[in-house]
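Q: 3D model of this:
(chains A, B and C)
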Amino acid sequence: MSDEEMENYAPRRSARLKGSLKRPPPVKTVKQSGPKAKKNKNKQVLKEKPKKVESEKESEDEKDDDYEDMSESSDESLSDSEDPDFSSNDEKDNKKNAKTASIKQNTVKTEKETKGRRSTNFQVSMPQSSKRSRRKAAEDREENKPKEINVDIEMREEHADIEPDLPELEAPMLWTEVLQQKPGTSKTTADDVMDDSGTDEDSEEEHWHAIEEEKKPEKVVQVTLKKEDLERKEEKMLRAEIEKILRDRKDEVSKMVVFGMAAHLNYQMKTLMEAVRDPNWKPDWSTALEEKVVFGGLNDDTLKEFKEELTLLDDAIKILLPKIKYQWMYVDKKYHSNLDLCMMVASFLIRSKLDIRIGIAFDVTLVPPLRVSKKGKSSYLGPFYFVEYWCDTEKKFVCINLESMEIGKVTELESTWKSKCHYVFTIDQRMKMKDMSSIYCSEFLKLVFRKERHLPEVILDVLDHFKVPDSPRDLEEDQRIKRELLALPMPTVVAEFKNHPLYALEKDFLKFEAVYPADTKPVGEVRGHNVYPREAVHVLQGELNWIRLARQIKEGEKPYKVVKARPKLSIPADERVQLYLDTYGYWQTEPYVPPKVINGRIPRNEYGNVYMYQKSMVPQECVHIKLSGVSNIARQLGVDAAPAVTGWEFSGGRNHPLVEGCVIMKQHEKAIRAAWSEWNQMKQQKKIQKAEDKMITLWRRFVRGKLLLENMRKKYKIQ
DNA sequence: ATGCGAGACCAAACTTTGTGGACT
DNA sequence: AAGTCCACTTTGTTTGGTCTCGCA
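A: Numbers count the residues shown, from 1 in each chain, chains lettered A, B, ... in the order given. Below you'll find the model as predicted:
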């Protein structure tokens, strides 16, 4: 990016808001994203489960030894493996063993009891903070390690398989529990017990179902009141949310319309060029007229003559291939639509060796969200087409009004459009698309018109997709348009100056805006306000923001403007003092010069970090390694490593630096990378091992539970 | 009729370097 | 037993835009 581009890019306030300086999305959004949400859910399930097992086990302990032996034997049969973790993973085992004083296992397990307790908690699973997963994502991108993710997914699926079966195991346990419990003491609440009375006569199983399926009615008055308040608040939030979504949607849709129109124009031009350049296509009726143009120049009469040759059809010509269609129409001297006519005139002019552009005038008609349109239905009938040709004598493109076939009458052209158009694009034979609204829309500089249009950035964004470099002629034209616009009379109304593309009032300068050079003379005065050219208004930035754009303040520069700084939220409101922020213009900055390594120590900022907002900011003789856990490795190897701040994250009501990997000296890179990959491999292996262990534990529990259930059914003769 | 300014209201931007407890 | 991870948290102030209303 050249310096000049940089300036255009950075200092505009609106650009700042939408662009690079926008803070990274808050954690919230990351949290809500698919994989994370899924993980949370998964975690919850896992956390809940041990509780159930606990209750299961407690009731189990109260039963006679019969099925304990049973489960014991199943336990043993399953825990053949010598792996101590494997058999000690289950808390149930430990307690039971302690109680029954089983010989061999008891010794092993009591020894490891504390360890076993911990592992029942299932924290082993995949809970990951957004930060970590983001870092992991970055790391995956860099190192291509899909394996890790696969394991996660597999595990989740595994659980999904097991999970539905487990509740069945609970039934007999809870049933006995329920019978034993006194009203009010149980977890299954007094309501359930009260409902019991009604189902006295039922069989045991139906009894159970009645308890399970009964829904508790909500009765508490206080809760409903609170709920109402909540609803009111929620309703408001919901409405705001919906409005925002609709607003965004409207923006998106209208952007799409603009994009679609641009693509359409692009396509038409392409088709036209194909048709005209086709050597097999030889319409001869217009040759005389063409020669007239070539030798005598283009004038209204020749164009009118051309149009008189044509017949207007009532129905569209149905030929699918547009190129053929235009060729055929031209030969047959027929047209149906405005577009057809445009294409034929354009063909004619190209054949007459003229450089042409085709233009499209259109509008984006959308009813604003949640608001009734005052004007009623849109009367938009467009798009409308026109042709321009390059006039050598005037050194500019001149428009042709396809209705009257008059040349060069810009204001009349607009009146031929049957409805108001806010956008006019043109495309030349090089496929260079330009926004010419400023020339063809007479109200272009009006405040209302500006507001009805998209932001200039959006238009540029769309046109960027049809990238063709500017030719000298394009640049010249831009200059000419600017001169013409400047020659128009200045607005007389103060409000018209707000966001005016050419002028700005001093009173409307934004907080971070100032006139540069400082001695810029006002170009006029409106009701006592000085009018400055918009070009002279520059956006300033504080030092930290410039660093984020890889620029630093030149030495000895004085702040160009001092603005009120935002209060520090960490200081209590009553103790805050008004702080000020020094701001500088682009011209006061230079490209960021990364600091040098002194005595083998990587230079850090006051927080012990290195700013790595851009790749170019890496300190000299250093490299930035974006691998998670790499700073640990560096520390273990005794290598100096500085955490790299790549952005900011808003969480916990505060801003925190986003640290991605660290900066180390180049000479250590190889060793660190090797050490990291070794460490990472071990980590992966451990993870897989853990996942497998857990799977086995779950399966073991599942099978044992099944056996237990069978035993119970046999014993109590339950089907 | 038109434009202006004040004021109310609202949405969005901007803010820019922790902590405590659990776990390993 | 130190080091690491993770959940907690989801602010409050400023700013600019929009709308309305009264006034010139």
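
Q: how about A:Phe650, secondary structure?
A: strand (DSSP: H, G, I helix; E, B strand; the rest coil).

Q: partners of it in the sheet?
A: A:Asn655 (DSSP bridges).

Q: Relative to DNA strand B, how far out is it?
A: 5 Å (Cβ to the nearest atom of the strand, to the nearest Å). For every residue, glycine as well, the C-beta is placed using N, CA and C.

Q: Show the model's pLDDT score for that residue.
A: For A:Phe650, the pLDDT comes out at 75.

Q: Relative to A:Arg566, how far out is it?
A: 14 Å (Cβ to Cβ, to the nearest Å).

Q: Looking at those two, which one has more neighbours?
A: A side-by-side neighbour count of A:Phe650 and A:Arg566, using other Cβ atoms under 10 Å, places A:Phe650 first with 14 against 8.

Q: which residues does A:Ala644 bridge with?
A: Assigned bridge partners for A:Ala644, using DSSP bridges, are A:Val610.

Q: Provide a list of residues in contact with it.
A: A:609-612, A:624, A:626, A:659-663 (Cβ atoms under 8 Å, 6 or more residues apart in numbering).

Q: Give me the mean pLDDT for stretch A:614-625.
A: Per-residue scores along stretch A:614-625 average to 90.

Q: how long is it end to end?
A: Length of stretch A:614-625, first residue to last, Cα to Cα, to the nearest Å: 13 Å.

Q: And that stretch, what's buried?
A: By 16 or more other Cβ atoms under 10 Å, the buried positions in stretch A:614-625 come out as A:617-619, A:622-625.

Q: Give me the contacts around that stretch.
A: By Cβ under 8 Å, 6+ apart, stretch A:614-625 touches A:549-550, A:591-592, A:594-597, A:602-603, A:610-612, A:644, A:661-667, A:669, A:672-673, A:676.

Q: Next, see if it gets close to DNA strand B.
A: No: Stretch A:614-625 does not reach DNA strand B (Cβ under 7 Å from any atom of the strand); its nearest approach is 12.6 Å.

Q: Next: stretch A:682-701.
A: No: judged by Cβ under 7 Å from any atom of the strand, stretch A:682-701 and DNA strand B are separated, with a smallest distance of 9.2 Å.

Q: Can I get that stretch in PDB? Just the C-alpha atoms.
A: The C-alpha trace of stretch A:682-701 is given here as PDB (Å, rounded to 0.1, in the frame of the first residue of the first chain):
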ATOM      1  CA  MET A 682       2.700 -35.400  22.600                       C
ATOM      2  CA  LYS A 683      -0.200 -33.200  23.500                       C
ATOM      3  CA  GLN A 684      -2.300 -34.700  20.700                       C
ATOM      4  CA  GLN A 685      -1.500 -38.200  21.700                       C
ATOM      5  CA  LYS A 686      -2.400 -37.500  25.300                       C
ATOM      6  CA  LYS A 687      -5.600 -36.000  24.100                       C
ATOM      7  CA  ILE A 688      -6.500 -39.000  22.000                       C
ATOM      8  CA  GLN A 689      -5.600 -41.300  24.900                       C
ATOM      9  CA  LYS A 690      -7.800 -39.300  27.200                       C
ATOM     10  CA  ALA A 691     -10.700 -39.500  24.800                       C
ATOM     11  CA  GLU A 692     -10.300 -43.200  24.500                       C
ATOM     12  CA  ASP A 693     -10.200 -43.700  28.200                       C
ATOM     13  CA  LYS A 694     -13.300 -41.700  28.700                       C
ATOM     14  CA  MET A 695     -15.000 -43.700  26.000                       C
ATOM     15  CA  ILE A 696     -14.100 -46.900  27.700                       C
ATOM     16  CA  THR A 697     -15.300 -45.600  31.000                       C
ATOM     17  CA  LEU A 698     -18.700 -44.600  29.500                       C
ATOM     18  CA  TRP A 699     -19.100 -47.900  27.800                       C
ATOM     19  CA  ARG A 700     -18.200 -49.700  31.000                       C
ATOM     20  CA  ARG A 701     -20.700 -47.800  33.000                       C
END
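
Q: can you tell if it touches DNA strand C?
A: No: with Cβ under 7 Å from any atom of the strand as the criterion, DNA strand C is not reached by stretch A:682-701; the gap is at least 9.6 Å.

Q: pLDDT averaged over that stretch - what is it?
A: 83.

Q: And stretch A:437-447, by the same measure?
A: Averaging pLDDT along stretch A:437-447 yields 86.

Q: List the buried residues for it?
A: Neighbour-count burial for stretch A:437-447 flags A:437-441, A:444-445, A:447 (criterion: 16+ other Cβ under 10 Å).

Q: Which ones among the contacts of A:Ala644 lie within strands?
A: A:610-611, A:624, A:659-663 (DSSP state E).

Q: Relative to A:Thr583, which of these is nearest.
A: Using Cβ to Cβ, A:Tyr611 comes nearest to A:Thr583 of the ones in strands among the contacts of A:Ala644, at 19.0 Å.

Q: Am I right that that closest one is in contact with A:Asn605?
A: Yes: between A:Tyr611 and A:Asn605 there is a contact under Cβ atoms under 8 Å: 6.6 Å.

Q: In the stretch 401-550 of chain A, which residue sits nearest DNA strand C?
A: Across the stretch 401-550 of chain A, the shortest distance to DNA strand C (Cβ to the nearest atom of the strand) belongs to A:Leu510, at 3.3 Å.

Q: Need the pLDDT of that residue.
A: A:Leu510 is given a pLDDT of 85.

Q: again, but for A:Lys714
A: Residue-level confidence at A:Lys714 comes out at 93, pLDDT.

Q: any idea which element it lies in?
A: Following DSSP states H and E, one finds A:Lys714 within helix A:669-716.

Q: mind checking how far A:Pro522 is from A:Asn530?
A: 4 Å.

Q: Equivalent analysis for A:Thr416, please.
A: For A:Thr416 relative to A:Asn530 (Cβ to Cβ), the value is 40 Å.

Q: now do A:Val398
A: 38 Å.

Q: again with A:Leu549
A: A:Leu549 is 30 Å from A:Asn530, by Cβ to Cβ.

Q: same thing with A:Ser471?
A: In terms of Cβ to Cβ, A:Ser471 sits 37 Å off from A:Asn530.

Q: Which of those two has more residues huddled nearby?
A: Shown here are A:Ser471 and A:Asn530; by other Cβ under 10 Å, A:Asn530 has more neighbours (16 against 12).

Q: Pull the contacting residues for that one.
A: By Cβ under 8 Å, 6+ apart, the contact list for A:Asn530 reads A:505-506, A:522, A:524.

Q: and it, that one's in a helix?
A: No: under three-state DSSP, A:Asn530 falls outside any helix and is assigned strand.

Q: Just the pLDDT for it.
A: 83.

Q: Equivalent analysis for A:Leu354, please.
A: Looking at A:Leu354, its pLDDT stands at 88.

Q: Quick check: it vs DNA strand B, distance?
A: Taking Cβ to the nearest atom of the strand as the measure, A:Leu354 and DNA strand B are separated by 42 Å.

Q: who are the neighbours in contact with the closest residue to that residue other than its chain neighbours?
A: The shortest distance from A:Leu354 to any non-neighbouring residue, by Cβ to Cβ, 6 or more residues apart in numbering, is to A:Tyr389 (4.7 Å). Contact analysis of A:Tyr389 by Cβ under 8 Å, 6+ apart lists A:298, A:349, A:354-357, A:397-398, A:400.

Q: Mind checking which of these land in helices?
A: Using DSSP state H, A:Leu349 are the members of the contacts of A:Tyr389 that sit in helices.

Q: Reformat the contacts of A:Tyr389 as TSV; add neighbour count.
A: Formatted as TSV, the contacts of A:Tyr389 follow (neighbours: other Cβ atoms under 10 Å):
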residue	neighbour count
A:Leu298	19
A:Leu349	24
A:Leu354	21
A:Asp355	16
A:Ile356	24
A:Arg357	23
A:Phe397	22
A:Val398	16
A:Ile400	25
